[in-house]
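Visitor: here are the coordinates; sequence isn't available:
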């Protein structure tokens, strides 16, 4: 059924906005040069914090960039430009780097605080859409975030320009993350709450079961079945005479053995077990256990200690209960 003209117009407008903003970001990528590298080096050498400031839409973008930097290893916070001229300027020290955002580069409040920051020895990175603006000329470094046009049909509302500035801020944050060697464990320390924190902070040792259903390799299949039922994990570990892991016997192994052999009552479990079970070390992240289970289409994993001995076991239900999945 054809769309009414009003809906067609809305769809066309939405697509135009996305195309214009995507083009603005792509053009920005082509313009990145040595100034970007110098900005990264300047921030890496900073002994204080990175201060983001702006007004209006640029202020919202600055606040988001500050949050992204802070969560990826670069201590940063946002100072509102209007509040800075009424006392909050005292939050900025000579050891800090100020990143000022203004599309026009002529925001009065920023131009008021910039000389004061520079006078006390602070460094300034300006992100503007006007390379010849006052703010760009005053800055220690200038990053060009100019766009060919706004996505607004009036070419007035900040749209493509804010998308470009935010993308440039993300580029800085990620380049800094990489330069610092910021890894998953570091990221977890910045995100301890919620699902993300659980996925990055929970280790296999935190959720595994320490009482592992197990039988000797010489035990009959009937004993292995009783052990599986009592253990409620859908499997039992199989141990050699020295108590080392020899294999695993699961519900799936049972079905395959019945199809192949029929009567299993007199057969030792060693003849129908999986002799090369999937295992994971106790120190690994629980999310890695999830990935392994999904990769190999299994529901259980045996857990090994650092010396290779059997330390525990876990199944998919344990990971669900721990809200890792």
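Guide: Sure, I can see it. Every value quoted in this text rests on a predicted model; they were computed, and no experiment measured them.
Visitor: and the closest residue in space to residue 47 that isn't next to it in sequence, what does it touch?
Guide: Closest residue to residue 47 apart from its sequence neighbours, by CB to CB, 6 or more residues apart in numbering: residue 95 at 4.5 Å. Any C-beta I mention is one placed from the backbone N, CA and C, and that applies to glycine too. If you count contacts by CB atoms under 8 Å, 6 or more residues apart in numbering, residue 95 has them with 46-49, 122.
Visitor: burial count for residue 303?
Guide: Residue 303 has 23 neighbours, counted by other CB atoms under 10 Å.
Visitor: Make sure I have this right: it is in a strand.
Guide: Yes: membership of residue 303 in a strand is supported by DSSP: H, G, I helix; E, B strand; the rest coil.
Visitor: tell me, how many neighbours does the nearest residue to it once chain neighbours are set aside end up with?
Guide: Using CB to CB, 6+ apart and skipping the chain neighbours, the partner closest in space to residue 303 is residue 312 (4.1 Å). When neighbours are counted by other CB under 10 Å, residue 312 registers 21.
Visitor: Ok, residue 15 next?
Guide: Residue 15, neighbours per other CB under 10 Å, totals 10.
Visitor: element containing it, please.
Guide: In the assignment (DSSP states H and E), residue 15 maps to helix 5-31.
Visitor: buried sites along that helix?
Guide: When burial is assessed from 16 or more other CB atoms under 10 Å, helix 5-31 yields the following buried residues: 17, 20-21, 23-25, 28.
Visitor: Please give me every residue in contact with residue 267.
Guide: 220-221, 257, 261.
Visitor: just residue 232 next, same as before
Guide: Per CB under 8 Å, 6+ apart, neighbours of residue 232: none.
Visitor: can you rerun that using 10 Å?
Guide: Going by CB atoms under 10 Å, 6 or more residues apart in numbering, residue 232 touches 209, 213, 315, 317.
Visitor: between those, which has the most around it?
Guide: These, ranked by neighbours (other CB under 10 Å): first place residue 213, 22 neighbours.
Visitor: Excluding chain neighbours, what is closest to that residue?
Guide: residue 231 (2.9 Å).
Visitor: Report pLDDT for the one you found.
Guide: What the model reports as pLDDT for residue 231 is 90.
Visitor: In contact with it, which residues?
Guide: Contacts of residue 231 by CB under 10 Å, 6+ apart are 209, 211-214, 237, 313.
Visitor: Closest one to residue 322 out of these, please.
Guide: Nearest to residue 322 out of the contacts of residue 231 is residue 209 (CB to CB; 11.6 Å).
Visitor: got the end-to-end distance for stretch 125-133?
Guide: By CA to CA, to the nearest Å, the extent of stretch 125-133 from end to end equals 13 Å.
Visitor: What mean pLDDT does it get?
Guide: For stretch 125-133, the mean pLDDT works out to 96.
Visitor: likewise stretch 206-221?
Guide: Stretch 206-221 carries an average pLDDT of 93.
Visitor: mind checking how far residue 120 is from residue 113?
Guide: The gap separating residue 120 from residue 113 is 11 Å, by CB to CB, to the nearest Å.
Visitor: joint contacts of those two?
Guide: What both residue 120 and residue 113 touch, as defined by CB under 10 Å, 6+ apart, is the set 89, 92.
Visitor: ok, those two, which is more surrounded?
Guide: Neighbours were counted for residue 120 and for residue 113 using other CB under 10 Å; residue 113 has more, 22 against 12.
Visitor: Following element in sequence after the one helix or strand the more buried one maps to, please.
Guide: Element membership for residue 113, per DSSP H and E: helix 108-119. Per DSSP H and E, helix 108-119 leads on to strand 123-128 as the next helix or strand towards the C-terminus.
Visitor: hang on, isn't residue 119 packed against residue 94?
Guide: Yes: Residue 119 is in contact with residue 94 according to CB atoms under 10 Å; the separation is 9.5 Å.
Visitor: so where is the stretch 51-200 of the chain shaky, pLDDT-wise?
Guide: 184-200 (pLDDT under 70).
Visitor: Would you map the strands across it?
Guide: Along the stretch 51-200 of the chain, counting by DSSP state E, counting those that start in this stretch, strands occupy 76-80, 97-102, 123-128, 141-144.
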